[in-house]
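S.K.: fold the following.
(chains A, B, C, D and E, ligands or ions: 5)
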Amino acid sequence: MVEKTPILDALTYIFLMLGILIVGFPIIYALIAATLPIEEVSRVPMPMIPGDQFMVNIQAAWEKGNLGTQLVNSFIMASGITIGKICVSMLGAFSIVYFDYRLRTVAFVTVFCTLMLPVEVRILPTYEMAANLFGPLNLMWEKLGLGAVAGWIAGHDVEINLDFSLLDSYTGLILPLVASATCTFLFRQFFLTVPEELCEAAKMDGASAMTFFRKILFPLSKTNIAALVVIEFVYGWNQYLWPLLITTDPDMMTAVIGLQNLIPQADDLPYWNVAMAGSLLVMLPPILVVLFMQRWFVKGLVEREK
Amino acid sequence: MAQVILKDIVKKFGKTEVVHGISLEIADKEFVVLVGPSGCGKSTVLRMVAGLEKITSGRVDIGDRIVNDIAPKDRHVAMVFQNYALYPHMNVFGNMSFGLKLSKTPKAEILQRVNEAATILGLEDLLHRKPHELSGGQRQRVAMGRAIVRKPSVFLFDEPLSNLDAKLRTQMRTEIKRLHQKVQSTIIYVTHDQVEAMTLADRIVVMRDGKIEQVGQPIELFQNPANTFVAGFIGSPPMNLVPARIVKAGNTLKIRFNDQLSVPLPVKEGMKVKEETDVIMGLRTEDFTVDNGNGGFPDAWKLDGTVEVVEPLGGETHMHMDFKGVSFIAKSEGRRIFHAGQQLRMAMNLNHLHLFDADSTQSIY
Amino acid sequence: MAQVILKDIVKKFGKTEVVHGISLEIADKEFVVLVGPSGCGKSTVLRMVAGLEKITSGRVDIGDRIVNDIAPKDRHVAMVFQNYALYPHMNVFGNMSFGLKLSKTPKAEILQRVNEAATILGLEDLLHRKPHELSGGQRQRVAMGRAIVRKPSVFLFDEPLSNLDAKLRTQMRTEIKRLHQKVQSTIIYVTHDQVEAMTLADRIVVMRDGKIEQVGQPIELFQNPANTFVAGFIGSPPMNLVPARIVKAGNTLKIRFNDQLSVPLPVKEGMKVKEETDVIMGLRTEDFTVDNGNGGFPDAWKLDGTVEVVEPLGGETHMHMDFKGVSFIAKSEGRRIFHAGQQLRMAMNLNHLHLFDADSTQSIY
Amino acid sequence: KPIEIHWWHAMRSARGEVCNAMIKKFNESQDKYVVVGTNKGNYDETVNAGVAAIRAKKQPHILQSFEVGTQTMMLSGAIYPVYELMKDAGYKIDWDDYLQPVLSYYMNADGNLMSMPFNSSTPVMYYNVDLFKKAGLAPLSKEKPVTWDELGGMLKKIVGSGVPGGMVTAWQSWTQIENYSAIHNIPFASKANGYEGLDCELTINNDKVVNHIARLKGWMGDKRFFYGGQKYQGPKSEFLAQNAAVYIDSISGIAKLKKAVKDFTWDVAPLPVESWMKEPQNSIIGGASNWVLKGHSKKEYQGVAAFLEFLANNEMQEFWHKETGYFPITQSAYRSLKAKGYYDEQPYQEVGIKQMTRRIPTKISRGLRLGYFIQIRNIINEELELVWNDSKSPKEAMDSAVARSNQKLREFEKTYK
Amino acid sequence: MIKRSYFTSKTLPYLLILPQILVTVTFFYWPAFQGLMQSMMLSDPFGLHNTFVWFDNFISLFKDPLYLKSIGITLGFSAATAAVSISFGLFVATMANRALRAKAVIRTLLIWPYAVAPAISGILWLFLLHPSYGIVSIFLTKTFGLDWNPVLRGNDALIMVIMASAWKEVSYNFVFFLAGMQSIPKSLIEAASMDGASPFRRFWFITIPLLSPTMFFVTVMNIIYSFFETFGVIHTVTQGGPGGATNILVYKVYQDGFIGLNLGSSSAQSVVLMVLIITITVLQFKYVERKVQYTG
Ligand SMILES: Nc1ncnc2c1ncn2[C@@H]1O[C@H](COP(=O)(O)OP(=O)(O)OP(=O)(O)O)[C@@H](O)[C@H]1O
Ligand SMILES: Nc1ncnc2c1ncn2[C@@H]1O[C@H](COP(=O)(O)OP(=O)(O)OP(=O)(O)O)[C@@H](O)[C@H]1O
Ligand SMILES: O=P(O)(O)OC[C@H](O)CO
Ligand SMILES: [Mg+2]
Ligand SMILES: [Mg+2]
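M.R.: Ligands and ions are numbered 1, 2, ... in the order given. Alright, predicted model coming up:
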């Protein structure tokens, strides 16, 4: 603005620096801790001068926390959720926005009721669902007395026990988290802003629905996809309660869960240096994704508002 | 062979009918312009011809086929949209060739057709640009190019120029006219800009509220508007439309505006105007002239008035005049300078008078 | 006392200079319109007067004070923005009274001033509406009201009408004119619409690329454009501007367009045009008349040409003519019908001829 | 291809490594079975992982559950009682050879062993010998417990000598209420601490317990006692950092202290008793046992039995005891260690055993068998925290703990009726 | 909602929406239904004994003073987390919006905590605020003589989890506020300054009111975040303690259901949360409908 406000301007920058410092302090502190040997880190107060044990601690964290495997798991889970959500929701939104069919409203309502409901509130039954995907079928079999009917037809007892578990599997880590409408909503919002004429022009050009989707809509959604990639990757990577429950095999655990093993518990030595090194390692990938894809990320976030 | 015939076409969106049975025959190679105020159904009619909108009832023929149930791409029509609807992620070549590619046209032919169209439109150097790297006019041209390459027998334009600024609009108008002369297709063109309609059309279709008000050549509509709606819509500045009453004065009829002001009604052959009817009197702004004594108009056509507002536009000047309580706008040549408050004697050229029935608004004179 | 004086004002954004030393004196109560193509710096100049933009160098006086370092609110200016910039969360009353409230004006006075302004603008019944409950024209009026209540000595308008549709624009134009007559303040008005400029301004300032091209009364600019830029900018359709060469023919001078076409250059007192110079010849479209033998023009001013494109607008017709390879646009009365290909003999009214130097584009005749 | 046997346990860090070593030994000792051990977090988490897995029919073969989960597991209907398992698998086990206080905790009403004791512990008192010396205090006896009053006096001296705090305790409910009650033969709950019926009720709002809590609360005033929290931070780090000179925890703390303490000497003493308790009862056990879960094949159970048998053999038990501090669960292993003179070298290793076996267990000191005990412990913990942070008086807290717990007990009772 | 130019096909739209519906029904509706059933049953931890008890679980839930306390804690925690992160986010965004230069750099420096998992944020803050070795708590104790002890004192613990939760949200809020401020037409601010409003008044009278839609959205998202996603923070830092002082609703669901194995009550709590969230969502949509318009 045009006022001459040198004091205010200076204050602005001072406050900004302060703000950035406050926000950044935990990480700076963690970084320093991660460079110190155990004796230093458990000194009170911890020295603020970085030590030279960074690589040692990183290595300790890597080995102790089984981070190699777990980072890969996190990566697979995060990417799986990202790709799954984007695919499922893009097709869903396409169906809802561009087609007129009898059950459209039903589909719309069905999907969007789930908009803001996090997994946490339905965690237990979801767990059982994941434990046996065919549970409901089995239950129906029992409850509806279909078994008896089948038995009567077959002339002997028919026991059906379909069994397909998602526990300790990537599918289990991923699929239940794909069940959310946020992305579908976002794509729907975006599709609604795509000029109708574009679709009409394509129709005049002889494009079928899927051609339009592949050749026009998909390329146009690129920035939205990029935005969602960031948001969903971070979301997937940072999942806590779900992977905590669904994985039991240490080789299937995700890094954020595995990290708990590095935090000094009541029965360990206070290896905070290793814990911090591990934390840094585990938080790095999503941070990098956010920083490198900032532009899209911000766009995506802000568009969620609409 | 690409005449287009609309027969009683009706369009309903849900329960609301927005086009109420329109019939229209468009000859091969004719340039027809649909005009009318916003929401009157112009686009809807066009889109029914294009096949983008189902026809609720009635039928559309293109060439010698009923096309009601034919897919847009098979109707041999091409459409240019108001916002161009260029595919933003494809370059100009991609945009122009997309339809051909989808119809599996051989590569060589695509190339040839696109180049041909690009030459016609002066787009040769832009083929590799993306739409966002083009100016408004260039985009407009690409949109036309995309239509041309398909060699349609009918071109449909939906307000193709309304996104352009005034200068470019004038220029593109000429280009479209030239294009029509070159490609010799039937064109149906939607606009709400009456200048465009006047300058481009072989015939203008004036629509209102889902109905056709009048169809005719531009000059015909200008000179013989069928009703006040067309009269007010065609011509700029619009025709003065003033309520009046026909009264008897001796053995002639007079148009009486108020107690103080009336003018004689010139007798016309076969005239059906009756006395003591309420009418709307129409007179174009150019049918006023500042009286200099040698216009050759009878004195009864001359009125004394006051200039209220002057709008000098350079080449012409619009004067908001008050004649004894009745307001008219008069146009005058631009180089003479008038000022507000000035007293002027003006002659009305009642040879160009229009009268409309006050109730039905239909022309009665 | 609110004359506005700009003295050599320069504006740089970073390193790019967008206003290159403009000087202008605006008298008290004068209505000055800045016109020019997009990006020429109109808004920037206005905003420097408002105090919204720092002045890089030069000075601005308002009334008898240098205002370079005075805050916007203390300059006694009020501004109406293109998008109105109404506070969406306040109702009309809130919008209009916001400035007064901030300056701790007593309640009673606020009420009185707002009511006064509302009366002037016909906003009495809308005071409790929020901006989004208003039509475009009403918003426009509120924006003006907000300016009026502050009783500024200078009003600044930045394209206040460009968001409105054509009809409303005409109507609001009249209201602004009326407002000026009522409040009697100095007004600086930015537009790129030359009709607005012509009809509103006491004086027009034509700008291009951060410089002033010409300042003058509307009719003056129309009749005596200082250069081809102004000539082309003011007037619609724009003046014909055709390159030509002055050659000697006997003891008179001729304007030669090409081997086959030339017209005599009427001698004018104090004329400085020299032979064998390249010029651009300017002639307005209305200075062509279809020759009917009694226009009183010398034969040498008459040319035979072919009609290439006809644009009948009803009241007038624009004809794109070709005279032996030279193109002109001529305007003709609307009721005569011409058609493309027609041969016509046209008279040029060379009394209204303009000549511009081909290099400098400055008027030389 | 060897048959996989899955074992979910709560053993991590030092103890986890020992577990892994034992598994490795077993796997190398034969080629029919492969045991896969998985740490499922702490005790709570391991039990809930197990429960969830059972519900989902993805249960492991063996699930380690801490003593608190005993009732839950017993009534679950999801377990394969070990006595049956061992019988079915053809092992003849001499159950009498097992430490009786341990066995009695895991036996059903008919005296049959439901789960295989594995890591059994009992709380003891660790103290910092150096700080004691500095405060002019003599080392404590390993046999005869000090009284709480004596301890109070000692702590006063210690704090007076400049140590930031006196005493801290881990597992506060277990050490200060459950074991306090057992040692002083005060019922923790009615119906013989729940052994004799689901309709039992908690009784910890008795004067003795309340007074004990009040005493600790009183000590907080002059830093003789302070609260170190339950997790991450924990009282142990306070002991390690020499912020506290006395530290009450399970004997399994030995493994960790051995590993972690570098710069001071520490020793172990029995838990303090009240001066009026002339003949203190045995302390009760803690730690965990291994539950065999239903739903697997006979062949696999064969392997399970082999593994459990393996874990109980002398060699493994000695190894386990030495490395972790947990009891050797069989008399023979204990005797063998004794015979080797191990306890002469490492006398502190024997403090817990002696404390736990010093008297024949009464119905009250035998153990606890409560439904929803995990929640009840959390309730007690919560209420104690409210005492520590001045929100409630000891009496209020204990009353509320009893009321809340009883509600849980009723719910549990309803569920199983 | 309906595009004018839709495609028509009998099967294609169903095929396209099928994966979404399948996933939603399988992992959302079915579990939700199960949860609802479970909430009306008394069951043993292993699901082998189930008694249908209608609304008993809900009734005892709302009779339970601890549940009511947990509601109170959750509300306080969410309100505080939202207040801290919103006010801080707004403040920094305002500063960043004022700064003429380096907006991109500033954003980069502020945005990354968004990517940090709540659980890790908890660890970081635990490390900073730990009573015996956390640098911040040492600073607080030494400088202000505060007796800071989140292990013992509920309020301190609550403050600790609020810090850890709010920290992460600051960047999220910052992004929205900055975007919101940048979408306020410059001319409005200019008009206000012509009207004589100082920077502070412009902020108060123009920016804040115009930011209200963003503010509302951000508040809703913050509340949802602090209701659910902070699970990781609580789980790593306090486990609901001390004395239940940080036992927010979602943690209680976990604690009663997964640790305490009291499934009926836990499910009833889930249902309560679900209803709550649905209410918030509906409100959110209602409000979005009549959002303040920026232009006009
Ligand atoms: N998909 C639709 N659903 C419902 N009503 C519609 C739809 N499309 C158009 N209409 C309505 O039909 C009427 C005619 O619309 P149409 O678009 O044909 O008008 P138009 O003459 O092209 O107007 P404009 O000049 O504004 O483009 C309008 O009242 C419009 O609201
Ligand atoms: N804040 C700015 N930073 C950099 N350049 C600017 C800024 N504001 C304006 N300009 C540049 O200054 C020149 C003049 O801009 P200005 O807005 O005054 O044009 P204008 O005549 O008002 O145009 P229009 O008719 O499009 O409003 C343009 O080239 C523009 O790009
Ligand atoms: O530390 P542990 O393994 O001895 O267990 C202590 C308690 O018994 C747990 O309930
Ligand atoms: Mg239209
Ligand atoms: Mg401008």
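S.K.: surely residue B:47 is in a helix?
M.R.: Yes: according to DSSP: H, G, I helix; E, B strand; the rest coil, residue B:47 belongs to a helix.
S.K.: any idea of the pLDDT on it?
M.R.: In the prediction, the pLDDT value recorded for residue B:47 is 92.
S.K.: tell me who's in contact with it.
M.R.: Taking CB atoms under 8 Å, 6 or more residues apart in numbering or on different chains, we find residue B:47 in contact with A:200, B:53, B:158. C-beta coordinates here come from the backbone N, C-alpha and C atoms, glycine included.
S.K.: tell me which stretches of the stretch 1-150 of chain E form helices.
M.R.: With DSSP state H, counting those that start in this stretch as the criterion, the stretch 1-150 of chain E has helices at E:12-24, E:30-38, E:56-63, E:65-98, E:103-111, E:118-129, E:135-144.
S.K.: the stretch 201-306 of chain A too?
M.R.: According to DSSP H, counting those that start in this stretch, the helices that the stretch 201-306 of chain A contains are A:209-211, A:218-220, A:222-237, A:241-246, A:255-258, A:272-292, A:294-304.
S.K.: of these, which stretch is the most buried?
M.R.: Most buried of the helices of the stretch 201-306 of chain A, by mean neighbour count (mean count of other CB atoms under 10 Å in any protein chain shown): helix A:255-258, with a mean of 27.
S.K.: is chain E within reach of that helix?
M.R.: Yes: using CB under 8 Å from any CB of the partner chain, helix A:255-258 reaches chain E at residue A:256.
S.K.: rewinding a little: chain C is nearest to which of the helices of the stretch 201-306 of chain A?
M.R.: Closest to chain C of those, according to CB to the nearest CB: helix A:294-304, at 19.2 Å.
S.K.: what is the burial count for the closest residue to chain A within the stretch 301-417 of chain D?
M.R.: Nearest residue of the stretch 301-417 of chain D to chain A: residue D:324, at 11.0 Å (CB to the nearest CB). The tally of other residues near residue D:324 (other CB atoms under 10 Å in any protein chain shown) stands at 25.
S.K.: check residue B:252 too.
M.R.: Neighbours of residue B:252 (other CB under 10 Å): 11.
S.K.: hang on, the earlier thing: so who does the nearest residue to the residue of the stretch 301-417 of chain D closest to chain A once chain neighbours are set aside touch?
M.R.: Nearest residue to residue D:324, sequence neighbours excluded (CB to CB, 6 or more residues apart in numbering or on different chains): residue D:255, at 4.3 Å. Contact partners of residue D:255, counting by CB under 8 Å, 6+ apart, are D:14, D:15, D:18, D:323, D:324, D:325.
S.K.: wait, the residue of the stretch 301-417 of chain D closest to chain A touches residue D:119, no?
M.R.: Yes: using CB atoms under 8 Å, residue D:324 makes contact with residue D:119 at a distance of 7.0 Å.
S.K.: who touches both of these two?
M.R.: Contacts common to residue D:324 and residue D:119, judged by CB under 8 Å, 6+ apart, are D:15, D:252.
S.K.: residue B:294 should be in a helix, yeah?
M.R.: No: looking at residue B:294 with three-state DSSP, it is coil, so not inside a helix.
S.K.: tally of neighbours for the closest residue to ligand 3 within the stretch 151-296 of chain E?
M.R.: Residue nearest to ligand 3 within the stretch 151-296 of chain E: residue E:259 (13.2 Å; CB to the nearest ligand atom). Residues lying near residue E:259 (other CB under 10 Å) number 20.
S.K.: nearest residue to it in space, please, no chain neighbours.
M.R.: Residue nearest to residue E:259 in three dimensions, not counting chain neighbours: residue D:44, with 4.9 Å by CB to CB, 6+ apart.
S.K.: show the subsequent helix or strand relative to the helix or strand hosting the one you found.
M.R.: Using DSSP states H and E, residue D:44 sits within helix D:43-55. Counting by DSSP H and E, the element after helix D:43-55 in chain order, helix or strand, is strand D:62-66.
S.K.: how about that following strand against ligand 3, any contact?
M.R.: Yes: against ligand 3, strand D:62-66 shows contacts by CB under 6 Å from any ligand atom at residue D:66.
S.K.: quick check: angle from the helix holding residue D:44 to strand D:62-66?
M.R.: Using axes from the mean of the first three to the mean of the last three CA atoms, to 10 degrees, the direction of helix D:43-55 lies 140 degrees away from that of strand D:62-66.
S.K.: go ahead and produce CSV holding the CA coordinates of helix D:43-55.
M.R.: In CSV, the C-alpha atoms belonging to helix D:43-55 read as follows (Å, rounded to 0.1, in the frame of the first residue of the first chain):
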residue,chain,number,x,y,z
TYR,D,43,1.5,-55.4,27.0
ASP,D,44,-1.8,-53.6,26.2
GLU,D,45,-1.1,-53.4,22.6
THR,D,46,-0.1,-57.1,22.3
VAL,D,47,-3.3,-58.2,24.0
ASN,D,48,-5.5,-56.0,21.8
ALA,D,49,-3.7,-57.1,18.7
GLY,D,50,-4.4,-60.7,19.7
VAL,D,51,-8.0,-60.0,20.4
ALA,D,52,-8.5,-58.2,17.2
ALA,D,53,-6.8,-61.1,15.4
ILE,D,54,-9.0,-63.6,17.1
ARG,D,55,-12.1,-61.7,16.0
